[in-house]
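K.L.:
have a look at this prediction, sequence included:
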Amino acid sequence: MVNIGVLASGRGTNLQAIIDAVRDKRLDASIRVVISDHPGAGVLERAKGCSIETRVVERSGFPTKKAFEDEITKVLKERGVELVVLAGFMRILSPTFLDAFPMKIINIHPSLLPSFSGLEVQKRALEYGVKFTGCTVHFVDKGMDTGPIIIQAVVPVEDGDTVETLSARILAEEHRILPQAIELFSQRRLRVEGRRVFADGRPGRGPGDAVENPVALIFNGG
Ligand code: GRF
């Protein structure tokens, strides 16, 4: 069981996938709060429709990025969030925020990292001419889309693909692997060694639970 907080800026289909996985008992998690930086984001309606607490925290409402992130941290901590899930959150988080949740922030990205980090990645994958792309769930570190990879799924690029058709094929896989990654975290099965993440840890202590001892963090699978 894990208490999660979801940060999202958009329509929220990945939030919906998490909600569905919890409902179907494929995922042992409690969604404590959904936070969006956009008051009109569809993700808020999805959450409200399922009686999940929502909060709008707009960057424009705070004098500094730090104050904005401190407010998000406060909301998450007050609700006992153990894992922060970035599900289409369109902002780069500062090291201070990351330090508040060490190895406890994951992101879903619609490409096979390290290819096509950043924005408009389905369009860029099509233009590049790759035959396969996909999606990645990874821990968030101080770089952009650079953290240790938890799960990836491969998606073929078809000759007739447009950005829309390719994005839809990738999205279906996002909806499959994001709840899976959260469930692995929930079961404390993830073991992190440098950049490599192994899902072979016995249920028990998980990433971030031993941050006061970095050696234990590296060898926390036993
Ligand atoms: C997804 O494609 C995700 O990979 C990216 O942002 C999009 C969010 O979609 N980070 P949704 O709001 O979950 O539908």
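P.N.:
Arrived safely. Just so you know, these numbers come straight off a predicted model, no measurement behind them.

K.L.:
count of residues packed around Pro63?
P.N.:
7 (other Cβ atoms under 10 Å). Every C-beta, even on glycine, is put in place using the N, C-alpha and C of the backbone.

K.L.:
and it, what is it in contact with?
P.N.:
Residues near Pro63 by Cβ atoms under 8 Å, 6 or more residues apart in numbering: none.

K.L.:
three-state assignment of the residue in the chain that the ligand sits nearest to?
P.N.:
Per Cβ to the nearest ligand atom, Gly88 is where the chain lies closest to the ligand, at 2.6 Å. Gly88 falls in the coil class when you classify it by DSSP: H, G, I helix; E, B strand; the rest coil.

K.L.:
quick check: it touching Gln16?
P.N.:
No: look at Gly88 against Gln16 with Cβ atoms under 8 Å: they stay out of range, at 11.4 Å.

K.L.:
neighbour count for the two, which is higher?
P.N.:
Between Gly88 and Gln16, counted using other Cβ under 10 Å, the more crowded position is Gly88 (22 against 18).

K.L.:
chain neighbours aside, what residue packs nearest to that one?
P.N.:
Using Cβ to Cβ, 6 or more residues apart in numbering and skipping the chain neighbours, the partner closest in space to Gly88 is Gly10 (4.5 Å).

K.L.:
do Gln16 as well
P.N.:
Arg46 (5.6 Å).

K.L.:
enumerate the positions of the helix or strand encompassing that neighbour that are buried.
P.N.:
Using DSSP states H and E, Arg46 sits within helix 42-49. By 16 or more other Cβ atoms under 10 Å, the buried positions in helix 42-49 come out as Gly42, Val43, Leu44, Arg46, Ala47.

K.L.:
contacting residues for the residue nearest to Gly88?
P.N.:
Counting by Cβ under 8 Å, 6+ apart, Gly10 has contacts His38, Ala41, Gly42, Val43, Gly88, Met90.

K.L.:
still on that earlier bit, can you name every helix or strand that the helix holding Arg46 contacts?
P.N.:
For helix 42-49, the packing partners by 3 or more Cβ pairs under 8 Å, 6 or more residues apart in numbering; DSSP states H and E come out as helix 13-23, strand 29-36, strand 54-56.

K.L.:
can you list contacts of the first one?
P.N.:
Helix 13-23 is contacted from outside by 4, 6, 8, 27-31, 34, 43, 46-47, 50, 52, 85, 87-88, 108, 171, 174-176, 178-179, 182-183, using Cβ under 8 Å, 6+ apart.

K.L.:
repeat that for stretch 156-170.
P.N.:
Under the criterion Cβ under 8 Å, 6+ apart, residues 110-111, 122-123, 125-126, 130-135, 155 lie in contact with stretch 156-170.

K.L.:
same thing with stretch 49-61?
P.N.:
19, 31-39, 44, 47-48, 65, 68, 71-72, 75, 79, 91.

K.L.:
quick one, which of those residues are buried?
P.N.:
Among those, those classed as buried by neighbour count (16+ other Cβ under 10 Å) are 19, 31-38, 44, 47, 68, 71-72, 75, 79.

K.L.:
quick one: which two of these are the most distant?
P.N.:
Pairwise distances across the buried ones among the contacts of stretch 49-61 peak at 26.1 Å for Ile19 and Phe68 (criterion: Cβ to Cβ).

K.L.:
in contact with the residue lying closest to Val140 once chain neighbours are set aside, which residues?
P.N.:
Of all residues not flanking Val140 in the chain, Ile105 sits nearest, at 4.1 Å (Cβ to Cβ, 6+ apart). With contact set as Cβ under 8 Å, 6+ apart, Ile105 has these partners: Leu83, Val84, Val85, Leu86, Leu93, Leu98, Phe139, Val140.
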